[in-house]
Structures are given as structure tokens and as C-alpha cells.
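> Please work out how this folds:
(chains A and B)
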Amino acid sequence: MVGFFDIVLLEAVINGLLLGGVLALLALGLNLIFGVIDVTWICYAELIMIGMYAMYFLFSVYHWPFPLAAIAAILTVAALGALLHFVVISPLLNAPPINQLLATGGVLFFLQSFATVFFGIEFRNLGIRLPVLEFSDMFISYARLLAFGVALVGMVLVYLFLTKTYTGIAIRAIAQDRQIMTLMGVDSRRIYLITSALGGGLAGLAACVLVLQYDVHPFVGLSFGPITFLICVLGGLGNLIGGFVAAFLFAVIISLGGLYSDLEWGYVLAFAFFIVMMFIRPAGLLARRS
Amino acid sequence: MKRYLPWIAGAALIALPFVYKQPYHLHILILILIWSFAYTSWSMMGRFGLVSLGHGGFMGVGAYVTALLWNHLGVSPWIGIPLSMLAAAALAMVVAYPCFRFRITGHYFALVTLALSGIVLQVITATRDFTGGSLGYTPERTKGNVFVALQFTDKETWYLIALAVWAAGMYVWYWVDRSMTRYALEAISEDEDAAAAAGVNVTFEKLKITAISAVMTALAGALYGQYQMFISPDTVSGISVSLQMVFAAVAGGIYVAFGPTVGAIITILLNEGLRIGFGTKAVGWDNLIYGVLLVVFIIFLPKGTLGSILDKFKSRAPAKS
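Below you'll find the model as predicted:
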């Protein structure tokens, strides 16, 4: 017989795993950017916020069908990602990495206040309420299940793209050695631009999924941005699989912590876990570098 | 003549509140001084390539520990502030020691410290029964000027306190600038291995500057809390405060002593100018402008306003790739 306690625990674990899917999706694009271009987009969560607004406006205001709106939102954020690279990152490619990080910090401010000024500070949502699945006394959010599925499909697609296509192989090659690849006839600027657009597109995909679960407002990025960075660092910046593992670890910690106390304590636990792990494995969970 | 210039400027700054008592302008000056001090503390580390995004956390510790001790235990801020500074130093050590020991630098260091400011923010929010959570917190008021409570109703006193603290900050900068620590840290920021090989104790030197920086930031937070008599996680802690510190310091120039002060003057005047000029319509515009400026500064003027002005004789290659 399964006692009440175990059911609650199991529910927390399952919901944690599903949350992990969302977090993994968030971390994917950021990791890709870091791995290839060696740049941290501090404003990554704000790109997602813009994507969520795009979804809101296309779906709720202009009444586009959901799939069409989702594609448009993904393309919008992909274009933004390419623009970000072209305007902000490419002039700084040879600057110290920390300058690139700070410049994208400026973009973070810009996007946040852009949304505040032009979209207002109201909380907005699509007005879709997805059902909650009930499965032997456990309640599992359908939206999270969907997010989990999308995250998995996204991961697989990115993996296939990186291993099976010429552009994908060039991207991985650039990630390994940026000087030599340009000598081999790969146009690194084009590859960077493609990668940025791809990273932006993944942010857009995450936005489509998140907008089903959370209200969008100009500061929504702050609520999941930091955790995304921690996941990428914990997994080893640029290590896609490590990021995936870290996302699930974090998500389970957050939901278990949230089970016994407030959700904030879940986050505190996750942050503390992160700092402890940094001491044990400074270069990430599945570190290749020493 | 040049030797006496700092003394004359100092005397003029001290004399200011006795001849000019416009409260609003003094208020702006006090804010500029307190934030200048905070930005200066950040630059103590930032100038050596130790870019921390966790200083919002230290500021939060400074402000909240002081206020909590006063409200719950009745401990005077005169004792509470040193305790909060100790707390910030301890926090900095706990995070920084492993970072430096295991060579976590650059991006990784920035992101680990980002986690720190996240933790402080979440702890303040989670312990809302004591700290008021995201609604903010007010140190219990006393009537009028009470020295023990470090509460003063007149701006003049606060101006002098802020000025003294700011001057102390400048002195610490000057002291570091003239010490062996500076050379050691500059060597470390160029090449850690080479510095270590040359006999620099890398971990120790980095810890030293981190402790100084964290303690000063906590003091800034505590002062800000005592002056404003209202603190909330958003104004003294968290990631946006950390980023704001970085922005102001970079805008002013992190490699020169008065750079962060210039940064504070620029940001606070911009902020107030927008607020007065456009009122509630300006909500958001200040950060919009900050954001653009931060990008422009980092691309075109990585040494900041003051740094670039002082640097004008040196020819500089354009920052285009």
C-alpha cells in the first residue's frame, strides 16, 4: 500500500522532473551560444520574455491560431538573437569575455524597460487553461507535460542538426577550435550568426511553452533567468548534456524543497546546492576540461 | 597649488551644507555619495578583473542585518553595522574562497556570484515573517535626531556622514592603489599562473580585496537603509541592484579613483532628470537609456567616461573587430 506521504513525494518528484524539462529547454539555447561563441547572454531570459509577449499579442490580441503564432514568435526571437549578435556581440568578439557579459547585461536592462514602456507592467496571459491530469491520486500539470515533451523534441532536433548537417558540424568544429576552422574555409561570422539565431529560436520555443504556464510581465525574466544560468554553469558552460542533467537535478531539488516549505526555500536550497557543487566540481557536473 | 587642491575641494564639500540648505539638492547629493561609495567598493574588485554580480547580496546583508538587529533585538546600528559588515565578509569568504581556490574566474565567477545575490534575495523573500518579504522593511523610528539609533531628520547630518564614508572609501582606494596588493592583483588579472610563479599568493590576495569590497558594500547598504528608513529586496538586493552597480561603475570608469563617483553622478542625475522632466511617463525610460548606454560604453568606451577623459593623450585603437 502506498501511503499518503509517498504519493505526495512521488507527485513532487514527477512534477520536478517535468519542471526539469522546461529548465532543460531554457538552458539548451544558452549553452549552445556559450559553447560555440564563448559568450554568455545575460539577457537570455529577457529574449524569452519578448517571445512570450509575441505569443500574447499574436494569439490573444490578433487572434492568430496557436501553431502559427508559435512559429512567428520563434522566428521573431531568432531574428532578435541574430540582431543581438550582430549589433552587440560582434564588435566585442575580441574584447575580454567579461565585457561581452556586461554588454548583454545592458541589453537586459534595455529589453526589460522596453517591455515596461511599450507593453506596460500588467500581468498578461493567453487565457488558455490547460487541464490538470489526475493519475492515481497524483495531480500532474498538462502544461508541464507538454513542456517536457517539447523540450525533449527540441533537444533531439538540435542534436540531429549538430551531428547530421554540414552547418551543424561546422558549428561544432568552431566550438572546438575557432582559429583553425576559419583557415579551413568556414566563414566563422556566418556560423556565429546562425548559432545566435538558433539560440534565439530555442528561446522562442521556450517562450511558447512557458507562456502556457506563467503570466508574462516585463520582469518575468528575473524569475527564471538566474536559475537558467546556474544550470548552465552546473552542467559546465557549453556542455549540452551536462546542462540537461543539471536541469533535472535542480528541478527536483526545487520541487522537493517546495514540498516541505515555501517555494522560495526550494530555490534557496537549489542555489546552495549549486554553490556546494561548484566547490566539488568547479568545471561542471560532466567536466571534460580539468 | 596642485598639492592643496584636494584639501580645498574637501573643505568646500564639508562647508557646503552650512551655507546651502536646499533639502532636495542635499538629498540628491547624499544619494550620490552613498551610491558612489557602493560603486567604488564594487570597482575595488572590478578593476582587477574580478567581476562580481553578487554585490547586491552584500548590500542586502548590510541593510537587512542592521535593520533586523535594531528592530528585533534593539541593537544599536553603531554595533549592528559592524556586525552586518562582518556578516558580509563571512558570506564573501564562504563563496569566494572555493572560487579562488579552484580557479573559478571570468564568466564562471560572475555567474557564481550571481547565484549569491539570488540566494540573498530569495532568503529575504522567504523569511517574510521577519523581513517583510518583497513588501520591504522599515527600521523602527525614533523621534527626531537620536544618535544611538543612527537616525537623523535633518539632511545636513546625513550629508556629513555620507561625505565622511565616501571620503573613507576614497582613502581605501588610495591605500590599495599604493600597496603591493595592487601590483599583485594586476599581475593576477594578467596571468594567474605567471603571478603564482612569481611568488604571489593568488588566493590570499584575491580574498583580501574581496573582503574589503564586500565589507564596504555592506556598509553602503546599511547606510542607505538608515538614511531612507525603508529597504526592500528590490532596492538593496538582488540581481538588478548588482547589475546597476556594474553599470554605474563601468559608465564612470572602473580604473580610476573617481570613476565610480562620476558614474553615480551620471546615473542619479539621469534618473532624477527623467523623473522630474517626464513624471510617471518616465517609468522604464531610465533603464532603457541605461541599457543602451551600458552597451555603447562597453563597445566604445570600455574605460568609462572619466577614464577616457584622463586617457585622451594615449592613442587608442578603435574597438571595432
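> Get me the contact residues on the stretch 1-150 of chain B for chain A.
B:49, B:51, B:95, B:98-99, B:102-104, B:106-108, B:110-112, B:114-116, B:118-119, B:122-123, B:125-126 (C-beta under 8 Å from any C-beta of the partner chain). No exception for glycine: its C-beta is placed from N, CA and C like everyone else's.
> Can you pull up the most central residue in chain B?
Per C-alpha atoms, centre = their mean, the C-alpha nearest to the average position across chain B is that of B:Ala38, at 1.7 Å.
> any idea which element that one lies in?
helix B:23-46 (DSSP states H and E).
> Which pLDDT value does the model give the residue nearest to B:Leu68 when sequence neighbours are not counted?
Using C-beta to C-beta, 6 or more residues apart in numbering or on different chains and skipping residues adjacent in sequence, the residue nearest B:Leu68 is B:Phe130, 6.4 Å away. B:Phe130 carries a pLDDT value of 81.
> picking up where we left off before, list the helices and strands the helix holding B:Ala38 packs on?
helix B:55-68, helix B:155-178, helix B:202-228, helix B:238-252, helix B:259-278 (3 or more C-beta pairs under 8 Å, 6 or more residues apart in numbering or on different chains; DSSP states H and E).
> hmm, back to that, surely the residue nearest to B:Leu68 is in contact with B:Leu69?
No. Here B:Phe130 does not reach B:Leu69: they are 11.3 Å apart, not a contact under C-beta atoms under 8 Å.
> Comparing those two, which residue is more hemmed in?
B:Leu69 (20 against 12; other C-beta atoms under 10 Å in any protein chain shown).
> quick one: the more buried one from B:Phe37, how far?
As judged by C-beta to C-beta, to the nearest Å, B:Leu69 and B:Phe37 stand 21 Å apart.
> Can you give the distance of the helix or strand bottoming out on mean pLDDT in chain B from its chain's centre?
Here the helix or strand of chain B ranked lowest by mean pLDDT, DSSP states H and E is helix B:304-310, holding a mean of 76. Mean-position distance between helix B:304-310 and its chain equals 19 Å (C-alpha atoms, centre = their mean, to the nearest Å).
> Just the buried residues of it, please?
The neighbour-count check on helix B:304-310 (16 or more other C-beta atoms under 10 Å in any protein chain shown) flags B:304-308, B:310 as buried.
> Stretch B:25-38 too?
B:26, B:28-38.
> again, but for stretch A:248-266
Buried residues in stretch A:248-266 (16+ other C-beta under 10 Å): A:248-259, A:264-266.
> which two of those residues lie the greatest distance from each other?
Spatial extent of those (C-beta to C-beta) is set by the pair A:Phe248 and A:Glu264 at 20.7 Å.
> picking that back up, can you show me the CA trace of the least confident helix or strand of chain B as CSV?
The C-alpha coordinates for helix B:304-310 follow below in CSV (Å, rounded to 0.1, in the frame of the first residue of the first chain):
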residue,chain,number,x,y,z
GLY,B,304,34.4,54.8,-18.8
THR,B,305,33.7,58.5,-19.0
LEU,B,306,36.4,59.7,-16.6
GLY,B,307,38.8,57.0,-17.6
SER,B,308,38.6,58.0,-21.3
ILE,B,309,38.9,61.7,-20.5
LEU,B,310,42.0,61.1,-18.4
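> for it, packing partners?
helix B:238-252, helix B:259-278.
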